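**Q** Give me coordinates for this.
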Amino acid sequence: MATTRNIPEYDRKSELKAFDDSKSGVKGLLDGGMTKIPLMFIHPRYNPDAKSESAVSQFRVPLIDLDGVNDNATLRAKTIDQVREACENWGFFQVVNHGIPASVLEEMIDGIRGFHEQDTQMKKEFYRRDFKDKVSFLSNFDLFEATAATWKDSLSWPMVPNPPDPTEFPAICRDIVTEYSKQVKRLGYTLFELLSEGLGLHVNHLKDTGCAEVIFHVGHYYPPCPEPELTLGASRHADSGFLTVLLQDQVGGLQVLHQNQWIDLVPMPGALVINVGFSLQVITNDRFKSIEHRVLANRVSSRVSMASAFGTTLFPSSKLYSPIKELLTQENPPKYKEATLQAHVAYLRGKRV
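**A** Model (predicted):
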């Protein structure tokens, strides 16, 4: 069964503006007693009956153990092979024993949940659409551009190269934001080293290329939805940057498109999800793939996740990128001309429409 509510003619622009002006986000709608989702959230072409093949599929997103990767050459070589294969065949994988303590992961999830579930008036002071340079609370980065809004609110901040002053963060998650950001940056560097070696390059090649010059964090909150069959927590998309590190709670809902099937990425305690972005796909000349994914809405529980994007086209740059020369051969010529990451990402997204 596809959409079960017809979408009549309505003043969408006014509905969007009223929602944005409330500065209360999706959770504010629920707090106000809403029982049917506003028309602006309905995804007309979303078919919930085709939402997942995981129950009958043999596919599972790869799980990679990073234990000993910096201490044992044999283990490191094995791990490099696993990471390379995951990026070539899936564009997604999960990592365990990544070095970030479980207590830090739990506190980060609790911090994001605590921010979003506090009194709306406490959140309103952070609500802004100018989210690139400051700590920002908002609902839907592309609210006024997307064909349908998604069922989530977000707290975001840039951390590299110009982090906000610690006093600019909400008090409820101020300390853990700083600690978690530091730990994820270290993990990102390790991942770029493994990816570089997996490509047969110098260990620091991807870092030196600028893959970690920008790090942007987003703490998403997906409230329970009274009509989950009509909307999505995150619509079908692929990330724009080089690499994303995702921390999620145990609620589930994230799905990866693999061989034309939506595969549930089942949460695992202590694990982090890693996925390739369009920018890494470009500089590896399509060797590593950026894969589409989405998040389902659900009726029962709120969901919390924390995405850390290494490289993002949210911050336009004039720096030019093209496939890494060491990866090119006569049989593997460059598939992309030299261009900005914004231009590359726009081209790739246009191909997938």
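**Q** Which helix or strand lies directly C-terminal to the helix of greatest length in the chain?
**A** Longest helix of the chain, by residue count under DSSP state H: helix 174-198. The first helix or strand that comes after helix 174-198 along the chain, using DSSP states H and E, is helix 205-209.
**Q** Next, the angle from the next helix or strand after that next one to helix 174-198.
**A** Counting by DSSP H and E, the element after helix 205-209 in chain order, helix or strand, is strand 215-222. Angle between the axes of strand 215-222 and helix 174-198 is 120 degrees (criterion: axes from the mean of the first three to the mean of the last three C-alpha atoms, to 10 degrees).
**Q** could you give the mean pLDDT of strand 215-222?
**A** When pLDDT is averaged along strand 215-222, the result is 97.
**Q** With stretch 11-25 instead?
**A** pLDDT averaged over stretch 11-25 gives 96.
**Q** What are the contacting residues of it?
**A** Under the criterion C-beta atoms under 8 Å, 6 or more residues apart in numbering, residues 28-29, 31-32, 38-40, 116, 120, 123-124, 127, 129, 137-139, 143-144, 149, 153 lie in contact with stretch 11-25. To be clear about C-beta, it is placed using only N, CA and C from the backbone, and glycine gets the same treatment.
**Q** Can you turn the buried part of those into a ChimeraX selection?
**A** Typed into ChimeraX, the line below selects the buried ones among those, using 16 or more other C-beta atoms under 10 Å:
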select :28,29,38,39,40,116,123,127,137,138,139,143,149,153
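**Q** what's the host helix or strand of Ser156 packed up against?
**A** Per DSSP H and E: Ser156 is located in strand 153-160. Strand 153-160 sits against helix 25-31, helix 102-117, strand 136-138, helix 174-198, strand 215-222, with contacts defined as 3 or more C-beta pairs under 8 Å, 6 or more residues apart in numbering; DSSP states H and E.
**Q** Go again with 6 Å.
**A** helix 25-31, strand 215-222 (3 or more C-beta pairs under 6 Å, 6 or more residues apart in numbering; DSSP states H and E).
**Q** Walk me through which strands that strand pairs with, and which way each runs.
**A** With DSSP bridges as the test, strand 153-160 is paired with strand 136-138 (antiparallel), strand 215-222 (antiparallel).
**Q** deepest of the ones you listed, which one?
**A** strand 215-222 (a mean of 24; mean count of other C-beta atoms under 10 Å).
**Q** quick one: contacts of that strand?
**A** With contact meaning C-beta atoms under 6 Å, 6 or more residues apart in numbering, strand 215-222 is reached by 112, 116, 152-160, 233, 303-310, 312.
**Q** Could you give the bridge partners of Ile263?
**A** With DSSP bridges as the criterion, Ile263 is bridged to Val256.
**Q** wait, doesn't it sit right on Arg60?
**A** No. Using C-beta atoms under 6 Å, Ile263 makes no contact with Arg60, being 7.5 Å away.
**Q** Looking at the two, which is more packed in?
**A** Counted by other C-beta atoms under 10 Å, Ile263 and Arg60 do not tie: Ile263 has more neighbours, with 22 against 14.
**Q** For the residue nearest in space to the middle of the chain, give me its contacts.
**A** When C-alpha atoms, centre = their mean is applied to the chain, the residue found nearest the centroid is Ala307 (4.8 Å). By C-beta under 6 Å, 6+ apart, Ala307 lies in contact with 218, 244, 246.
**Q** re earlier: may I see the strands paired with strand 153-160 arranged in a markdown table, with distance to Val104 as well?
**A** Output for those, formatted as a markdown table (distance: least, C-beta to C-beta, whole Å):
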| stretch | distance to Val104 |
| --- | --- |
| strand 136-138 | 22 |
| strand 215-222 | 14 |
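**Q** quick one: contacts for Leu246?
**A** Leu246 neighbours (C-beta under 6 Å, 6+ apart): 273, 305, 307.
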